[in-house]
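Engineer: Quick one: sequence plus predicted model below, questions after.
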Amino acid sequence: MHAEAAPGIVVDGLVKRYRPDAPPAVDGLSFQVRPGEVYGLLGPNGSGKSTTIGVLATLLLPNAGSVRVAGFDVVAQANEVRRRIGVALQETGVDKLATGHSLIARHARLLGMGSRDAEARATQLLAEFELSDAAQKRLRTYSGGMRRRLDLAIALVGRPSVVYLDEPTTGLDPISRQAMWTRVRRLREEGVTVLLTTQYLEEADALADRIGIVATGRLRVEGTADELKRLVGGDVLTVEVDPADGDRAAERAGGTHEGKGKVTLDVKDGGASVPRVLGALSADGIDARSVSLNRPTLDDVFHHVVGGHLIEDQGPAEVAA
């Protein structure tokens, strides 16, 4: 891959309307994706994610704002952008009567490769994505997992420096999803810039270096998964002690006795708080029977942001690293 020198993605004030009299699908969206970074773009249906990818892929023209990909403007330098991107959309509209090998080879030829190089690239990618046995089978016989792997293989035909993955694991079984995650992590290791949209929040948590959540076409929050989780509060530490020690344990630890020896504490940093709390209880002769730590999830963040709990007019609440 030749991605290490690529500037990534810069979106500045992007506006996209499908009709002049309609509300914008994307309304002043701004974000950046660093070189070699996996950036998760999350949001509810209709939030503008797919429209944004359409503009980034030069499939849609913006109404306002600027977008640069790998250092090139998506409008003024669209051909340069296309040479440097790979796109795996939810619906590719490919010829289902084609074979996997012929489809990849066809894309390679469209990218300017000679016949021999195109055939070799198809063979290489089919092997890499464990599709060699299905190379001469028609796409209509492929399973959902095989189709998604083929979609990603096609996106990588031209060895792009920037890749867009729009819902890459929708409908996949857990094993196929894990295999796709492994391949996305490998792209990062190879220095490829990846923009990922997904409806699976655990997927963004596992893969994305940073995450932006959009709603009604605007960026609401942005940061690492851990930074975003802190937006909805700290951790909840639960310690179970002998019921007879419950009130004393709650007072000693600075928590609340919920009854039957269950003591809960709201803490900012659960990992550091556990030994402190257990030490305080032990010093008072109180033994902990069990300890559990519950942390906010991206689901909590998503509902917190999309549910309108953050003030929309204040703009994106970027979390500094």
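Structural biologist: That came through, no problem.

Engineer: helix/strand/coil for residue 40?
Structural biologist: Using DSSP: H, G, I helix; E, B strand; the rest coil, the secondary structure recorded for residue 40 is strand.

Engineer: State the distance from the spatially closest residue to it that is not a sequence neighbour to residue 55.
Structural biologist: Computed as CB to CB, 6 or more residues apart in numbering, the closest residue to residue 40 that is not its neighbour in sequence is residue 208, at 3.3 Å. Any C-beta I mention is one placed from the backbone N, CA and C, and that applies to glycine too. In this structure, residue 208 lies at 20 Å from residue 55, with CB to CB, to the nearest Å as the measure.

Engineer: I'd assumed residue 227 was in contact with the residue nearest to residue 40.
Structural biologist: No. With contact defined as CB atoms under 8 Å, residue 208 and residue 227 do not form a contacting pair (11.7 Å).

Engineer: For these two, indicate the residue with more neighbours.
Structural biologist: residue 208 (24 against 17; other CB atoms under 10 Å).

Engineer: okay, the more buried one: pLDDT?
Structural biologist: Note for residue 208: predicted pLDDT of 97.

Engineer: can you tell me which residues contact it?
Structural biologist: Neighbouring residues of residue 208 by CB atoms under 8 Å, 6 or more residues apart in numbering: 38-40, 196, 225.

Engineer: Next: residue 219.
Structural biologist: For residue 219, the contacting residues are 29-31, 212-213, 316, by CB under 8 Å, 6+ apart.

Engineer: which of the residues you listed lies closest to residue 131?
Structural biologist: Checking these against residue 131 by CB to CB gives residue 212 as the nearest, at 32.3 Å.

Engineer: I'd assumed residue 82 was in a strand, is it?
Structural biologist: No. Judged by three-state DSSP, residue 82 forms no part of a strand; its state is helix.

Engineer: and it, how far is that from residue 63?
Structural biologist: 21 Å.

Engineer: More neighbours: which of those two?
Structural biologist: Comparing residue 82 with residue 63 by neighbour count (other CB under 10 Å), the higher total belongs to residue 82, at 18 against 15.

Engineer: For stretch 114-134, what is the distance to the chain centroid?
Structural biologist: 28 Å (CA atoms, centre = their mean, to the nearest Å).

Engineer: Show me what counts as buried in it.
Structural biologist: By neighbour count on 16 or more other CB atoms under 10 Å, the buried set for stretch 114-134 is 118-119, 121-122, 125-126, 129, 131, 134.

Engineer: for stretch 44-59, same thing?
Structural biologist: The neighbour-count check on stretch 44-59 (16+ other CB under 10 Å) flags 47-58 as buried.

Engineer: okay, those residues in TSV with secondary structure next?
Structural biologist: As requested, these are exported to TSV (three-state DSSP):
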residue	secondary structure
47	coil
48	coil
49	helix
50	helix
51	helix
52	helix
53	helix
54	helix
55	helix
56	helix
57	coil
58	coil
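
Engineer: Return the member of those residues nearest to residue 90.
Structural biologist: Of the buried residues of stretch 44-59, the one sitting nearest to residue 90 (CB to CB) turns out to be residue 50, at 7.8 Å.

Engineer: How about that closest one: what's its closest non-neighbour residue?
Structural biologist: Among residues not flanking residue 50 along the chain, residue 166 sits closest, at 6.3 Å (CB to CB, 6+ apart).

Engineer: Surely the one you found touches residue 199?
Structural biologist: No. Look at residue 166 against residue 199 with CB under 8 Å: they stay out of range, at 10.6 Å.

Engineer: Which residue of those two possesses the greater neighbour count?
Structural biologist: Each of residue 166 and residue 199 has its neighbours counted (other CB under 10 Å); residue 166 has more, 23 against 14.

Engineer: Pull the contacting residues for the more buried one.
Structural biologist: 49-50, 53, 87-90, 197.

Engineer: repeat that with 6 Å
Structural biologist: Residues near residue 166 by CB atoms under 6 Å, 6 or more residues apart in numbering: 53, 89-90, 197.

Engineer: now those residues as JSON lines including pLDDT?
Structural biologist: As requested, these are exported to JSON lines (pLDDT from 0 to 100):
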{"residue": "53", "pLDDT": "95"}
{"residue": "89", "pLDDT": "83"}
{"residue": "90", "pLDDT": "72"}
{"residue": "197", "pLDDT": "94"}
